[in-house]
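> predicted model follows, preceded by the sequence.
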Amino acid sequence: MVKKTILVVLSLVLIPSFTEAGLFAGPDISYSFPVWSKDGSRIFYIKKVDHFKSTFLNFSSGPGEYIAKQECYIMSMRPDGSDKKVIIKFITEEENHLPDIYNLLILPDGKQLIFFLLGKHEKLERCICKVNIDGTNLVKLLDFGEITRIPDLFVSPDGTKIAYTKERYGDENKDIIGSVFSSWLMDADGQNNYMVCGEASEVKGWTTNGYLIISTYADSEGDAKLKYGNKAHTTYPEDVMDRTLIYDPTSKKLIKNIPHYFSSERIKSLGFVKYDTNISPNGKKKLSTGFSNGPIYIEDVDGKNEKILLEGKKHRN
């Protein structure tokens with residue numbers, strides 16, 4: 001009689017683990033990359049929904065989960081959080097090609113959004129994209145192929161150029177240290193994509209007069225140099241260090257006659273323009289995002305009157 005009771009109890013405990021395998025759990029919902037419309041009447045943002053599927057691994061490890069379906073949306077709402085609208089959606093159930101959207105920006109004319117798409121959506125995969133603010137005319141600007149880091153996007157003050165930093169892994173055989181960066185520039189329509197400064201360099205932003213600011217490991221002449229480890233036994237003169245250079249997109253020349261240490265003070269002195277789409281056009285409100293479940297906050301620029309506009313959720317702690 002005791003043995004039968006044990007079997008019944010075991011069956012009640014174990015069978016649900018098998019029958020629940022493959023069912024959806026969740027979802028997790030998060031929000032990110034809020035940006036203001038040009039007139040301040042709308043806020044654009046990214047909404048991500050992860051649907052988890054349960055899977056029974058074995059008796060010792062018990063049930064597990066994986067993301068089986070993902071939804072990514074570019075959305076908009078009013079500054080008070082009302083009137084939410086879907087601008088465009090990316091949905092897939094291909095486990096190895098889950099879509100994800102990063103670095104949402106609005107162009108200075110207020111008519112188009114640019115972003116980086118990681119994953120796959122129809123014929124788009126790992127690329128910089130552009131779409132009208134009403135969701136029409138989604139176009140690919142640039143294929144990225146294999147990537148090691150999501151590229152930050154820097155829009156020129158007049159909205160005609162997009163700069164970014166490309167990253168690749170260092171070469172062990174040549175003893176190149178870590179990741180290697182290079183600075184690139186293209187037209188806002190995706191044409192004329194080219195490298196403006198070699199390895200190792202990174203785009204830092206734009207000046208008010210439309211020059212590109214680049215941080216690079218360079219000599220006193222402004223020539224970029226790779227950073228090597230000990231194996232290569234490569235030594236550089238003392239003048240090779242982190243420096244700030246300026247690139248003129250009009251003449252397509254790198255201005256090398258200002259080789260100074262890279263610093264925030266140096267950036268300011270060059271007339272750095274901060275393209276901050278988190279600050280409202282009237283300069284009174286500021287948007288920010290949190291961690292974990294990805295809420296979006298709005299507050300006064302002085303940090304007062306903070307309010308949660310959107311709050312994500314997790315299906316388990």
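Everything's here; your move.
> contacts and neighbour counts: CA atoms only from here.
Noted.
> any stretches of the stretch 201-317 of the chain with poor pLDDT?
By pLDDT under 70, the weakly predicted segments of the stretch 201-317 of the chain are 220-222, 226-239, 256-275, 291-293, 315-317.
> now the strands for it?
Under the criterion DSSP state E, counting those that start in this stretch, the stretch 201-317 of the chain contains strands at 201-207, 212-218, 241-248, 253-261, 272-273, 285-289, 296-300, 307-310.
> rebuild the ones you listed as JSON lines, extending it with mean neighbour count.
Conversion of those to JSON lines gives the following (neighbours: other CA atoms under 10 Å):
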{"stretch": "strand 201-207", "mean neighbour count": "23"}
{"stretch": "strand 212-218", "mean neighbour count": "24"}
{"stretch": "strand 241-248", "mean neighbour count": "22"}
{"stretch": "strand 253-261", "mean neighbour count": "15"}
{"stretch": "strand 272-273", "mean neighbour count": "18"}
{"stretch": "strand 285-289", "mean neighbour count": "20"}
{"stretch": "strand 296-300", "mean neighbour count": "19"}
{"stretch": "strand 307-310", "mean neighbour count": "16"}
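> reformat those as JSON lines; add distance to N137.
Shown next, in JSON lines, are those (distance: least, CA to CA, whole Å):
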{"stretch": "strand 201-207", "distance to N137": "27"}
{"stretch": "strand 212-218", "distance to N137": "28"}
{"stretch": "strand 241-248", "distance to N137": "31"}
{"stretch": "strand 253-261", "distance to N137": "34"}
{"stretch": "strand 272-273", "distance to N137": "29"}
{"stretch": "strand 285-289", "distance to N137": "27"}
{"stretch": "strand 296-300", "distance to N137": "27"}
{"stretch": "strand 307-310", "distance to N137": "27"}
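> check the gap between the residue lying closest to G290 once chain neighbours are set aside and K85 for me.
Spatial nearest neighbour of G290, excluding adjacent residues (CA to CA, 6 or more residues apart in numbering): I296 at 6.6 Å. Remark: distance between I296 and K85 (CA to CA, to the nearest Å) = 16 Å.
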